[in-house]
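Enquirer: Need coordinates for the following:
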Amino acid sequence: MFRMDPNLDGRDLVAYVLQSLEVEEEFHFLRFEFLQRLNITQLQVKLSRLKREIEKEYCVTSGNGELLEKTLRDYGM
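Expert: Model prediction:
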């Protein structure tokens, strides 16, 4: 089994992906589930606070509007 090295450069990364396709290896990104969930939770907390701020002020400013747009974009990725 080919192990993914976190220090792979572009060519090595392509070689890893090609070899993993040949041997039908399960990608190691599944091991990042904790980090993915942590990131989603942080984004949800950020959106919740932003929602509360907008509702309290009953106004979308250019500052919190831009933050809302960026956070929703990050959340959708």
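Enquirer: Contacts only, for the nearest residue to Q44 once chain neighbours are set aside.
Expert: Spatial nearest neighbour of Q44, chain neighbours left out: Y75 (7.6 Å); criterion: C-beta to C-beta, 6 or more residues apart in numbering. For every residue, glycine as well, the C-beta is placed using N, CA and C. By C-beta atoms under 8 Å, 6 or more residues apart in numbering, the residues touching Y75 are I40, L43, Q44, L47.
Enquirer: same check, this time on N64
Expert: For N64, the contact set (C-beta under 8 Å, 6+ apart) comprises L50, E53, I54.
Enquirer: Could you measure from E69 over to S62?
Expert: From E69 across to S62, the span is 11 Å (C-beta to C-beta, to the nearest Å).
Enquirer: Can you pick out the residue with more neighbours from these two?
Expert: When E69 and S62 are compared for neighbours, E69 comes out ahead with 10 against 7, by other C-beta atoms under 10 Å.
Enquirer: Just the buried ones among the contacts of N64, please.
Expert: L50 (16 or more other C-beta atoms under 10 Å).
Enquirer: This structure: helices as residue ranges?
Expert: Listed in chain order, the helices of the chain (DSSP state H) span 10-22, 33-57, 62-76.
Enquirer: So for the shortest one, mean pLDDT?
Expert: When you say that, I think you mean helix 10-22. For helix 10-22, mean pLDDT rounds to 75.
Enquirer: how about stretch 60-70: buried residues?
Expert: By neighbour count on 16+ other C-beta under 10 Å, the buried set for stretch 60-70 is N64, L68.
Enquirer: start at 4 instead
Expert: Let's use 4 as the start, then, which means that last one is stretch 63-73.
Enquirer: gap between it and the chain center?
Expert: In terms of C-alpha atoms, centre = their mean, to the nearest Å, the centre of stretch 63-73 is set 20 Å apart from its chain centre.
Enquirer: and what of stretch 71-79?
Expert: 11 Å.
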